[in-house]
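*Asks:* Quick one: sequence and predicted model below, then my questions.
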Amino acid sequence: MTRTAALIAAGGAGVRMGLDRPKQFAGLAGIPILVRAIRAFQDSSAIETIIVVVPEDFLELTTELVRHHRLDRVRNIVKGGASRQESVQAGLDKLPAGCELVAVHDGARPLVSTRLIEQCLREAERCGAAIAALPVKDTLKSVDRDGTIRKTVDRTRLWQAQTPQVARRDWLEQAFAKAVADNYTGTDEASLLEYAGFPVRVVEGSESNIKITRPEDLAVAEALTMKSRLTDDPAPRIGHGYDAHRLVAGRPLILGGVNIPHELGLLGHSDADVLLHALCDALLGALGLGDIGRHFPDSDEQYRGISSLVLLKEVCRMTADRGFRLANCDLTIIAQRPKLASYFPEMIRNIAETCDAEPAAINLKATTTEQLGFTGREEGIAAHAVVMMKQKF
């Protein structure tokens, strides 16, 4: 597969929105516009690396948004320039070695679909460059400065450009270099490629792939988002996980990512965090992805002694890549000793942060078996986890 990077151009000020910050940081159904634009590329398995270009004053905020929303394919957040062309050039300069295709996308187009992204990628891989665009539907008029119509323009071969705009990296670099040498300013990446003599193909875009420019655009995007949630939201996915580990001397007792003082600890290849293992199995099970042993086998030395919070983070990445997030979970630890209630707040914080969930979505409880069975005899500790997964928006 061709190695592909996405470059999210979000360096503009967005003054026409009348906001106290650039439009790309405004909320759309509770999620920043820029985050939604990035997430579409994060969710595509064809994208290896994401570069985000933003105004200098918003580098820190963007870094926090990327962390909070677990956009872990973002490799670099770059200061933009005075124009779109300068901003995209700044992003191109930060592309990793070996990247062959570049998909440039407006940070103010939050509703682009993964399907459209991948259609543009396939066409660019085949032909060298391709952009999303829509055939013009309305009648077009050529008008004098005083508002008088001069003539009706034939719209038969006219298309309205959108993004993503995808091209071979070497073509883009040559096109930008020629623009600098000739002091040429284009309106988008396709215009620079055309100026440099490279052919660009169009892929039919989507009416919903709108660019947020004015307040009314945001209202339309809100309506489209609500429609998508009502019509496309699949049924919630439910998963159950169970795990048990033996208690032995000479091992730490780790539960929920918390080291709990106790004379015995849990035996295992990793840190043997039975609670997080059960949660991982529940998350994987909800999406039909097997169990923790399939993905992190105890025969693999890289997982020896590893924190189960690291494993949980990777499981959450897998579920996010498939378009799902944790809605809520109900967790039960079965142990005769020690008493665990005082450690619950820290366990909940660990799980919520790792799963990008609200602490209120994590229910945690512990019970004994009244000295019955292996847990009652303090030979081991067990845990159950039940999760509900919902589609990300």
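*Replies:* Arrived safely, thanks for sending. Numbering: from 1, shown residues only.

*Asks:* in stretch 251-270, what counts as buried?
*Replies:* 251, 253-258, 260, 262, 264-266, 268-270 (16 or more other C-beta atoms under 10 Å). No exception for glycine: its C-beta is placed from N, CA and C like everyone else's.

*Asks:* Inside helices: which ones of these?
*Replies:* Using DSSP state H, no member of these sits in helices.

*Asks:* Just those: which are in strands?
*Replies:* Within the buried residues of stretch 251-270, membership in strands is found for 253-255, 258, 260, 265-266, as judged by DSSP state E.

*Asks:* is it possible to export those residues to JSON lines including pLDDT and distance to residue 91?
*Replies:* As requested, those are exported to JSON lines (pLDDT from 0 to 100; distance: C-beta to C-beta, whole Å):
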{"residue": "253", "pLDDT": "96", "distance to residue 91": "47"}
{"residue": "254", "pLDDT": "96", "distance to residue 91": "41"}
{"residue": "255", "pLDDT": "96", "distance to residue 91": "44"}
{"residue": "258", "pLDDT": "95", "distance to residue 91": "41"}
{"residue": "260", "pLDDT": "95", "distance to residue 91": "46"}
{"residue": "265", "pLDDT": "94", "distance to residue 91": "48"}
{"residue": "266", "pLDDT": "94", "distance to residue 91": "47"}
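
*Asks:* Can you add distance to residue 153 and give the residues you listed back as JSON lines?
*Replies:* Formatted as JSON lines, the entries for those read as follows, by distance: C-beta to C-beta, whole Å:
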{"residue": "253", "distance to residue 153": "75"}
{"residue": "254", "distance to residue 153": "69"}
{"residue": "255", "distance to residue 153": "70"}
{"residue": "258", "distance to residue 153": "68"}
{"residue": "260", "distance to residue 153": "74"}
{"residue": "265", "distance to residue 153": "77"}
{"residue": "266", "distance to residue 153": "73"}
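
*Asks:* List just the nearest of these to residue 57.
*Replies:* Proximity of these to residue 57 was ranked by C-beta to C-beta; the top entry is residue 258 with 38.3 Å.

*Asks:* what about that closest one, distance to residue 336?
*Replies:* To residue 336, residue 258 is 18 Å away according to C-beta to C-beta, to the nearest Å.

*Asks:* again with residue 21
*Replies:* Taken as C-beta to C-beta, the spacing of residue 21 relative to residue 336 amounts to 54 Å.
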